[in-house]
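**Q** Generate coordinates for the sequence data below:
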Amino acid sequence: MKRSISVIALLFIAINLFGQEDYFLFKGELRNSKSNEVIPWASIFIKGTAMGVASNESGQFEFSLAKKYANDSLLISALGYQSVGFVIDDLRKQTYHTMKLTERIYQLKELTIVGPNPTDLVKKALDKWNKNFHVSNYEFDSFYRQTQKEDGKYAKLWECCLRGLDHGYNSSKRGSVDIEYLQIRKSNDYRDSRTQWLIGFFKPQFIFTGENHSRNKDLLIKNFSKSIYTYELDSILYLDNQAVYVVDARVKDSIKEFLFDIRFYIREKDFAFVQMDFSGKSKIQYGKPTGIPGKLKIKMTDYVCRFVFKEFEGKMFMYYLNVNAAFNWTDPEGKKIYQEENSEAIIQNIRLLAQKEKSKVKSNFSNLNYGIPHSSYDSEFWKKYEMARQIPYANGVVKDLHKDISIEEQFAKNGPKPTK
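**A** The predicted structure is shown next:
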């Protein structure tokens, strides 16, 4: 029997003293110790709390912490890697370095063992949904970022600080999450003038609800019962030193409609979902073009989503949400504009509500389909708002958008006007 399991080796940790005396700034990047590939979407958080950050698509992160957490433990957790923890105060004198992590994974295709039945694993996880997810009201804080690229160059950026009220992680219907925008900032819009009418497909009210396919419990159960998918156990990973089954659900070839292939990550001990990845690539040809008559038509060419969950007080909650899509815009003459959109949100400060407790969240987006609320840019707020820096910009964002004036100047320029 072939067997290959490696263990995490943390070589360096990145930490800097922040400009304010009461805070530490933790900075770093995560890489695979063998291949040197970046490790995206890893969790870096304070043990026993809902406070944490996720590494970005380049494996980078920044985490600003109050000194009151000096004696607490910082945990680093990533699927396929053994979790490690450190006392924060022991790390504060270090400077920025790269953290090298070593895989811990069973690739079942390389083993001569028979794993659990993948169909049974998914069924058990769906059956235990209400037991594992928090399905009653809770509030949360979130930082959201959307970038749009045209023909390979970043052309627009907008970000917001928000808080939300989730009515229970079992429905993706409109109204299942209330969103209150607290602050918004945006860059100049360098897209083709004919595409600027579209703010973006995946605004917060969408990636938390309608486009958050991971929370559509009824649809997942319905599709499972209709035998739309074939299931395969791909591998066994480790998360927080616990086994996680990776199950691929692929839409059958006989299905001729736009549906997602799904990769489920199911924790062995309780069959809780710890992550779901959705990909529409295999059936993207069945998606219908949309657009405005007489103007540009839009055809989606790729669509992938990732939803990561984290345990808090014995239940699973949203932690990191990421939606990527690509489109071809075609004008009446047949000219194409290639556009990519990336939307991501990180969740912090989960607050559980008592049964009759009234939420303080006041939903304030202007139009569910297209609008976001009018907002003025408050530079002092953003200077103090730590969550905005905790997911560093992807490579190329600053360079592509820094044309006539800096991004910060663009934020200030565009802030006093109603945000589109």
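**Q** ok, now which ones touch Met316?
**A** Met316 makes contacts with 132-134, 169, 272-274, 309-310, as judged by Cβ atoms under 8 Å, 6 or more residues apart in numbering. For every residue, glycine as well, the C-beta is placed using N, CA and C.
**Q** go again using 10 Å as the cut-off
**A** 129, 131-134, 169, 267, 270, 272-274, 309-310 (Cβ atoms under 10 Å, 6 or more residues apart in numbering).
**Q** Give me the pLDDT value at it.
**A** You'll see Met316 listed with a pLDDT of 95.
**Q** Next SSE downstream of the helix or strand where it lies?
**A** Assigned by DSSP states H and E, Met316 falls within strand 315-330. Downstream of strand 315-330, the first helix or strand assigned by DSSP H and E is strand 336-352.
**Q** Describe which strands that next one pairs with in its sheet and in which direction.
**A** Partners of strand 336-352 in the sheet, by DSSP bridges, are strand 138-150 (antiparallel), strand 315-330 (antiparallel).
**Q** related to what we said a few turns ago, narrow the contacts of Met316 to those that are buried.
**A** The neighbour count (16 or more other Cβ atoms under 10 Å) marks 129, 132-134, 169, 267, 272-274, 309-310 as buried among the contacts of Met316.
**Q** Tyr169 falls within a strand, correct?
**A** No. According to DSSP: H, G, I helix; E, B strand; the rest coil, the state of Tyr169 is coil, so it is not within a strand.
**Q** Phi and psi next, for it.
**A** phi -80, psi 70 (degrees, to the nearest 10).
**Q** could I get the strands paired with strand 336-352 as JSON lines with distance to Arg31?
**A** Listed next are the strands paired with strand 336-352 as JSON lines, based on distance: least, Cβ to Cβ, whole Å:
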{"stretch": "strand 138-150", "distance to Arg31": "23"}
{"stretch": "strand 315-330", "distance to Arg31": "19"}
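**Q** and Lys100, which of those strands is closest to it?
**A** strand 315-330 (22.2 Å; Cβ to Cβ).
**Q** Now do the buried residues in that closest one.
**A** Within strand 315-330, the residues that count as buried by 16+ other Cβ under 10 Å are 315-327, 329-330.
**Q** now, which of those residues sits nearest Leu75?
**A** Distances from Leu75 to the buried residues of strand 315-330, taken by Cβ to Cβ, are shortest for Tyr319, at 12.9 Å.
**Q** which stretch of helix or strand covers the closest residue to that closest one other than its chain neighbours?
**A** Among residues not flanking Tyr319 along the chain, Lys310 sits closest, at 3.9 Å (Cβ to Cβ, 6 or more residues apart in numbering). Using DSSP H and E, Lys310 falls within strand 297-312.
**Q** what pairs with that strand, and is each one parallel or antiparallel?
**A** Applying DSSP bridges, one finds strand 297-312 paired with strand 273-279 (antiparallel), strand 290-291 (antiparallel), strand 315-330 (antiparallel).
**Q** And for Tyr245, the neighbour number?
**A** 23 (other Cβ atoms under 10 Å).
**Q** wait, isn't it in contact with Gln275?
**A** No. With contact defined as Cβ atoms under 10 Å, Tyr245 does not reach Gln275; the gap is 11.4 Å.
**Q** could you show me where the strands are in the stretch 151-300 of the chain, in order?
**A** Secondary structure of the stretch 151-300 of the chain, counting by DSSP state E, counting those that start in this stretch: strands at 153-166, 177-186, 229-239, 242-251, 261-267, 273-279, 290-291, 297-312.
**Q** Quick one: closest of these to Ala54.
**A** Smallest distance to Ala54 across the strands of the stretch 151-300 of the chain (Cβ to Cβ): 7.1 Å, for strand 297-312.
**Q** Looking at the closest one now, give me its mean pLDDT.
**A** For strand 297-312, the mean pLDDT works out to 90.
**Q** cool, stretch 208-222 as well?
**A** On average, stretch 208-222 scores 90.
**Q** CA atoms of it as CSV?
**A** Taking Å, rounded to 0.1, in the frame of the first residue of the first chain, the C-alpha atoms of stretch 208-222 are listed here in CSV:
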residue,chain,number,x,y,z
PHE,A,208,-24.7,36.2,1.2
THR,A,209,-28.1,35.0,-0.2
GLY,A,210,-29.0,34.3,-3.8
GLU,A,211,-25.6,33.4,-5.1
ASN,A,212,-24.6,31.7,-1.9
HIS,A,213,-25.4,28.2,-3.1
SER,A,214,-23.9,26.6,0.0
ARG,A,215,-26.8,27.8,2.1
ASN,A,216,-29.6,26.6,-0.2
LYS,A,217,-30.4,23.5,1.9
ASP,A,218,-33.6,22.7,0.1
LEU,A,219,-32.1,22.8,-3.4
LEU,A,220,-29.1,20.7,-2.3
ILE,A,221,-31.4,18.0,-0.8
LYS,A,222,-33.7,18.2,-3.9
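**Q** In that stretch, which residues are buried?
**A** 208-217, 220.
**Q** From those, pick the one nearest Pro40.
**A** Ser214 (17.6 Å).
**Q** Test my guess that that closest one contacts Ser171.
**A** No. Assessed by Cβ under 10 Å, Ser214 is found out of contact with Ser171, at 11.7 Å.
**Q** Flag the shaky bits of the chain, pLDDT-wise.
**A** In the predicted model of the chain, residues 1-24, 50, 84, 93-95, 97, 105-115, 289-294, 365-376, 416-420 satisfy pLDDT under 70.
**Q** Arg263 and Arg306 touch, don't they?
**A** Yes. Contact criterion Cβ under 10 Å: Arg263 and Arg306 qualify, at 9.2 Å.
**Q** Could you export the strands of the stretch 151-300 of the chain as a markdown table, including distance to Ile337?
**A** Output for the strands of the stretch 151-300 of the chain, formatted as a markdown table (distance: least, Cβ to Cβ, whole Å):
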| stretch | distance to Ile337 |
| --- | --- |
| strand 153-166 | 10 |
| strand 177-186 | 20 |
| strand 229-239 | 34 |
| strand 242-251 | 29 |
| strand 261-267 | 27 |
| strand 273-279 | 24 |
| strand 290-291 | 12 |
| strand 297-312 | 10 |
